[in-house]
Structures are given as structure tokens and as C-alpha cells.
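Novice: Requesting a structural model of the entry that follows:
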Amino acid sequence: MQQNSTVGRTFLDPTILARIGNLELIAKFVVEGFISGLHKSPYHGFSVEFSQYRQYMPGDDPKHIDWKAYARTDRYYIKQFEEETNLNCYLLLDTSESMTHPVDDEQTSEAGTEGDGARTPSLSKLRYSSFLMASLAYFMAKQRDAVGFAYFDDALRQYLPARSSTSHLHSILLTLETLQTTKNTRMGTPLHQIAERLTKRGLVLFVSDLYDENHEEVIAGLEHLRYEGHEVIVFHVLAQQELEFANFETGRSSEALIRFIDSENDAEIITTPQAIRESYLSNFNEFLDTYKLALRQADIDYNIITTATPIDLALASYLAKRQGVL
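Specialist: Predicted coordinates for the structure are as follows:
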């Protein structure tokens, strides 16, 4: 899907969106900016249901002329159509404690500093994910798709079945505004539970940092969704700091000791970043490769995005997949 890179790019920066505050307003801002940047309408080619005829007018597309009606009446008529719900879409969100990890202070300070010295709060993976989920839900609703939503950690915390009403969209946005996190992560079981609940095949979008001690269970849960006939997209959300293990030494000596604390089990070590950087990156890249390979083999779309990634890039990935499904 081609996109006009000059339209709205700056205003889709997550750290700028964070200043807006209201999640529904953020979603509307992102989606309308995204749509205005497309070279062709995202609604072109969607399934429609015949409604009625009307007389041909100059400027109408001739391909919609009903030639059988012309043969009977010697007049040109256009078939009018009305949109129908095209797809069931299910949004799944990991709300375990590791998702509260913030982006780099340096990046946040630079992007969020106003002339009066005010700062935007750190944009955590969970807050970024809520922007992404809200935008996807809003976009799906505009396309008259039925949207479902669930969030979980070691258990399924809330499940909203797929519907296409405006009131349902508001329920999803309200839920995103009031998310609760817990320390524990065991996503395999909730994924299996959700796979059993989804009776209609559709498109599943799972947003998570994928930090789970049992990778095999998470992969098996996603494979279960795929086995049930759903198309599955995984957005692996990470902070840039996690990818690069960088910026720990800002303003400090390279030999300064730093306390590292696991956000989910509170385990901690005190060391210099220099001493563990190489082993961290080796283990982290192995972690990424495990998911890349397993999900590719399961025919599941896998996308790494950071909390600095413009939201419209994720929307473009969704739209491309959606058009392939229909």
C-alpha cells in the first residue's frame, strides 16, 4: 500500500500523540491522518450489498451501469450499493507488568519538551499499545468491520465479543483507558481460551512484548488461533532501549554501577552496562529469532515495532493483510 510520506507524518509521532491525552481523540486523529495520506481509498473493493437503482448521471463510473436494465428500458441506470460488515477483527493485548517499561528518557525529553520546560510523561509500551489498539479499533469501525477486544496477562482479564456498533467501539476505548496490569505473565493459556471462544473466522491482531518464560506456550496459543482458520498478525512492541541496550551511561561514568530490576518478578542485579551488554544482546537476538522462525513457519505475520514507530505504519500492515483476506 503506497502512502504519501509528507502527509501527517510528524503528527503521527507517538510522543506527540501522548500530549493529546484523550484516547478517542488520538484514534480519530491517527486514522483520519492515515486515510488522508493514502493515494487510494481504503474502502475500494470492499464487499457491498445491492440496495437500489438510480439514473446514470455525468461523472458516474460507467462500470456500474446495469446493461440488462438498459436493454429493457433504453435508459442508463446505476446500481447503488450499501456497505455491509466485511470482517470480524479481534484485538488482543498483553497487559503484563513488563509492558509498563518506558522509552528512553533522552528521547522522551527531546520530543516532549515545550518552550516552558514542560515534559510529556514517558510513553510506556502499554500506553503506546493502547494508542495502536484504539486506532485499529477506530479504523475497523469506519470500515464497518466487527471488532472484538481482549486483554490478559497470566489470565484472561476481559473479553468483548466482536460487534460493529458505535457504542461497542466506545466500550473498547473506555476499556483501553482503564487497563490494569499484574506482575505475572503466562499468555499461552489465555490465548488458547480466546481461540476456543472465537466461533467466527476473522483477523486476529496480537500486541505484546512477548516476554514470557515459556515461549513454546505462547507460540502454541498463536498456532491454535491459526489452526482455527484465523489470519493472525503479531505486533512485537519494544522500547528502543531494549533493542540496543543503550543510553544507560548517559551522564554517568562508563564504570558506574546500575541496578537492573525485572519488572515482573522483582529479581535484580547490580552491575555496569558494559559488563553485560554483549551477553544481553546475544540472548535478546536469540529471543527475537525464536519468534521470527516459529511464527513464519506457522504462517503468522510477525512485525517488530518500537514505541517510537508512527502508528500509521502498523495501520498499513493491518490494511494490507485485510485486503488479502477479503
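Novice: OK, contacts around the most centrally placed residue in the chain?
Specialist: In the chain, the C-alpha nearest the mean C-alpha coordinate belongs to Leu132, at 4.4 Å (C-alpha atoms, centre = their mean). Shown in contact with Leu132 (C-beta atoms under 8 Å, 6 or more residues apart in numbering): Val207, Phe235, Val237, Ile311, Ala314. From N, CA and C alone the C-beta is placed, and that goes for glycine too.
Novice: Inside strands: which ones of those residues?
Specialist: Val207, Phe235, Val237 (DSSP state E).
Novice: residues contacting the spatially closest residue to the second one that is not a sequence neighbour?
Specialist: The shortest distance from Phe235 to any residue that is not its chain neighbour, by C-beta to C-beta, 6 or more residues apart in numbering, is 4.7 Å, and that residue is Val207. Contacts for Val207 (C-beta under 8 Å, 6+ apart) come out as Leu91, Leu92, Leu93, Asp94, Ser129, Leu132, Met133, Phe235, Val237.
Novice: Isn't the second one up against Asp153?
Specialist: In this case it means Leu92. No. Look at Leu92 against Asp153 with C-beta atoms under 8 Å: they stay out of range, at 11.9 Å.
Novice: Next secondary structure element downstream of the stretch of helix or strand Val232 belongs to?
Specialist: Assessed by DSSP states H and E, Val232 sits inside strand 231-238. Next helix or strand after strand 231-238 toward the C-terminus (DSSP H and E): helix 240-244.
Novice: mind checking pLDDT for the residue nearest to His64 when sequence neighbours are not counted?
Specialist: Excluding the flanking residues, the one nearest His64 by C-beta to C-beta, 6+ apart is Ile78, at 4.9 Å. We have a pLDDT of 71 for Ile78.
Novice: and the gap between Ile78 and Leu169?
Specialist: Note on Ile78: its distance to Leu169, by C-beta to C-beta, to the nearest Å, is 32 Å.
Novice: do Phe29 as well
Specialist: Applying C-beta to C-beta to Phe29 and Leu169 gives a distance of 15 Å.
Novice: ok, Ser36 - how many residues close by?
Specialist: When neighbours are defined as other C-beta atoms under 10 Å, Ser36 has 10 of them.
Novice: Spit out the contact partners of Leu205.
Specialist: Contacts of Leu205 (C-beta under 8 Å, 6+ apart): Cys89, Tyr90, Leu91, Leu92, Leu136, Val232, Ile233, Phe235, Tyr318.
Novice: And the average pLDDT for the lengthiest helix in the chain is what?
Specialist: Longest helix in the chain by number of residues, with DSSP state H as the criterion: helix 273-297. Here helix 273-297 scores 87 as its mean pLDDT.
Novice: in whichever strand or helix holds the residue nearest to the centre of the chain, what's buried?
Specialist: Element membership of Leu132 [criterion: DSSP H and E] is helix 125-142. By 16 or more other C-beta atoms under 10 Å, the buried positions in helix 125-142 come out as 125-141.
Novice: now swap in stretch 298-318 and tell me
Specialist: So, applying 16+ other C-beta under 10 Å, buried residues of stretch 298-318: 298, 300-303, 305-312, 314-318.
Novice: Also stretch 224-241?
Specialist: Quick answer for stretch 224-241 (16+ other C-beta under 10 Å): 224-226, 228, 230-239, 241.
Novice: Now Tyr227: closest residue in space that isn't a chain neighbour?
Specialist: Closest to Tyr227 by C-beta to C-beta, 6+ apart is Ala195, at 7.8 Å.
Novice: What is the burial count for the one you found?
Specialist: 18.
Novice: Same check on Thr100?
Specialist: Neighbour tally, Thr100, other C-beta under 10 Å: 15.
Novice: Quick one: residues contacting it.
Specialist: Taking C-beta under 8 Å, 6+ apart as the contact definition, Thr100 lies against Ser124, Lys125, Leu126, Thr181, Ser263.
Novice: now, among these, which is nearest to Leu23?
Specialist: Nearest to Leu23, judged by C-beta to C-beta, of the contacts of Thr100 is Leu126 at 12.5 Å.
Novice: Name the nearest residue to the closest one, sequence neighbours excluded.
Specialist: Leu126 sits nearest to Met99 (C-beta to C-beta, 6+ apart), 4.0 Å away.
Novice: ok, now Leu191?
Specialist: Gly221 (2.6 Å).
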